[in-house]
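Peer 1: I would like to see how this sequence folds:
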Amino acid sequence: MHPKLKEHIEKIVALTEDEFAFVSKHFIRKSFKKHQFMVQRGEMVPYNYFLLSGLTKLVYTDDAEKQHILAFAMEDWWDSDFQAYYTQTKATLSMECLADTEVLCLSRDDYRALCAGLPKIEHFFLEKTIFGFLAAQRRILSLMTASTQERYEQLIRQHPSLLQRVPKTQLAAYLGVTRETLSRLSTQA
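Peer 2: Next up, the predicted model:
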């Protein structure tokens, strides 16, 4: 299996070669092209995705067909419509590739088998879930309390590579501003 996954897991828990071989058996490797959807609203979500390469966006489309970008994901990140994945319901979000993307896919059954067969992996996923929850809380608070300029500066500090990899119109949508406002912010920063 891919060494990036082992490095990623070992940031939280150490694995023996046999343990990593057990972990590896539960993943499927897939490739997606730019603009291809990995998750589509209204469909079942079979996998949680670990990105080996590429870039994705997670989007909610409202009744007026306006797209709201919830998140971007890049190498060494996990992403999916987690509610649909864990509850085995239809997706309310879509996940689209912004570049050719290679992932390791983990089905819900394989996730459960991994956690049951190797408790340290359950600990790993608990830690990743906690980190994700904390990031979501920070994003919600930022949207509620920070100025547009502060949100932009926070994005630059936390994920500077996104500025080179994501089109400005999509960065603007993520920040909840127009493309013109984003242009003004980038000249002020």
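
Peer 1: C-alpha from now on. contacts and neighbour counts both.
Peer 2: OK.

Peer 1: The host helix or strand of residue 157 - contacts with which helices or strands?
Peer 2: According to DSSP states H and E, residue 157 maps onto helix 148-158. Helices and strands touching helix 148-158, by 3 or more C-alpha pairs under 8 Å, 6 or more residues apart in numbering; DSSP states H and E, are helix 168-175.

Peer 1: Now the helix it packs on: average pLDDT?
Peer 2: Averaged across helix 168-175, pLDDT comes to 88.

Peer 1: buried set for that helix?
Peer 2: Across helix 168-175, burial judged by 16 or more other C-alpha atoms under 10 Å covers 168, 170-175.

Peer 1: do the same with stretch 75-94
Peer 2: 75-81, 84-86, 90-94.

Peer 1: Please name the bridge partners of the residue nearest the centre of the chain.
Peer 2: Nearest to the mean C-alpha position of the chain, by C-alpha atoms, centre = their mean, lies residue 79 at 3.1 Å. Bridge pairing for residue 79 (DSSP bridges) gives the partners residue 49.

Peer 1: Surely it and residue 49 touch.
Peer 2: Yes. Taking C-alpha atoms under 8 Å as the definition, residue 79 is a contact partner of residue 49 at 5.4 Å.

Peer 1: pull the longest helix from this structure.
Peer 2: The longest helix of the chain (DSSP state H) is helix 119-145.

Peer 1: Give the buried residues for that one.
Peer 2: Those would be 120-122, 124-125, 128, 139, 142, for helix 119-145 by 16+ other C-alpha under 10 Å.

Peer 1: and that helix with helix 148-158, angle?
Peer 2: Angle of helix 119-145 versus helix 148-158, following axes from the mean of the first three to the mean of the last three C-alpha atoms, to 10 degrees, is 150 degrees.

Peer 1: So which elements touch helix 119-145?
Peer 2: By 3+ C-alpha pairs under 8 Å, 6+ apart, helix 119-145 packs against helix 108-117.

Peer 1: Give the other helices and strands that the helix it packs on contacts.
Peer 2: helix 119-145.

Peer 1: Distance from the chain centre to the helix it packs on, please.
Peer 2: 12 Å (C-alpha atoms, centre = their mean, to the nearest Å).

Peer 1: coming back round to it: sort out for me which of the buried residues of stretch 75-94 are in helices.
Peer 2: If you go by DSSP H, the buried residues of stretch 75-94 have 84-86 in helices.
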